[in-house]
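**Student:** Sequence first, predicted model second:
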Amino acid sequence: DSWAGLALSKNNYIRYVKPYNTNLFSKIAEANVPIIHFSNGTFPYIEEVASCGGLVIGVDWRMPLDAYWNKIGYDKSIMGNLDPTALLAPPTELFSQVDRVLHDADGRSGHIFNLGHGIFPNTPVDNVRRLVDYVHEKTQK
């Protein structure tokens, strides 16, 4: 649902997308396949998105993680939400933004670190490596 919140109002999401996603996710769940349900720009109606199903709700970078958990419940796992532009920044800025996401996640077991959307084509591969190494270093227990 990369375009869900960018192209649809809450009412249109409920009318045109939610019934189909709910049906699709229930059929996938019957096959015991884990589902990560990502949507972009849907914070205003993330509860509707989360209620469609999915073991994990993937969220964009526009709001802090707590804001999402407050709306969908702390029993739901969340994946996200580093701003993809952070990978274009110098390492010190990248690490600062990673630290913010990790701080917002507060060590919750229900958090999967990820970008809040895709990687830009011009992203330096070395920055992606730095990101992965830094997250591993910061989250090892």
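**Tutor:** Received the coordinates, thanks. Residues are numbered from 1 along each chain as shown.
**Student:** same for the helix or strand of the chain with the lowest mean pLDDT, what does it pack against?
**Tutor:** When each helix and strand of the chain is scored by mean pLDDT, DSSP states H and E, helix 4-7 comes last, with a mean of 85. Here helix 4-7 touches no other helix or strand, going by 3 or more CB pairs under 8 Å, 6 or more residues apart in numbering; DSSP states H and E. Backbone N, C-alpha and C define where each C-beta goes, glycine included.
**Student:** Show me the contact partners of it.
**Tutor:** The contact list for helix 4-7, computed with CB atoms under 8 Å, 6 or more residues apart in numbering, reads 13, 17, 39-45, 49, 60.
**Student:** try it again with 6 Å
**Tutor:** Helix 4-7 has contacts (CB atoms under 6 Å, 6 or more residues apart in numbering) with 39-42.
**Student:** what do you get for stretch 54-64?
**Tutor:** Against stretch 54-64 from outside (CB under 6 Å, 6+ apart): 34-38, 40, 43, 50, 68, 76-81, 83, 104, 116-117.
**Student:** export that stretch as CSV, just CAs?
**Tutor:** Taking Å, rounded to 0.1, in the frame of the first residue of the first chain, the C-alpha atoms of stretch 54-64 are listed here in CSV:
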residue,chain,number,x,y,z
GLY,A,54,-1.1,-8.6,9.4
LEU,A,55,1.2,-9.9,12.0
VAL,A,56,3.3,-6.8,11.7
ILE,A,57,2.3,-3.3,10.6
GLY,A,58,4.9,-1.5,8.6
VAL,A,59,4.8,2.3,9.0
ASP,A,60,6.4,5.3,7.3
TRP,A,61,8.7,7.9,8.9
ARG,A,62,6.3,10.8,9.3
MET,A,63,5.3,10.1,12.9
PRO,A,64,7.1,8.8,16.0
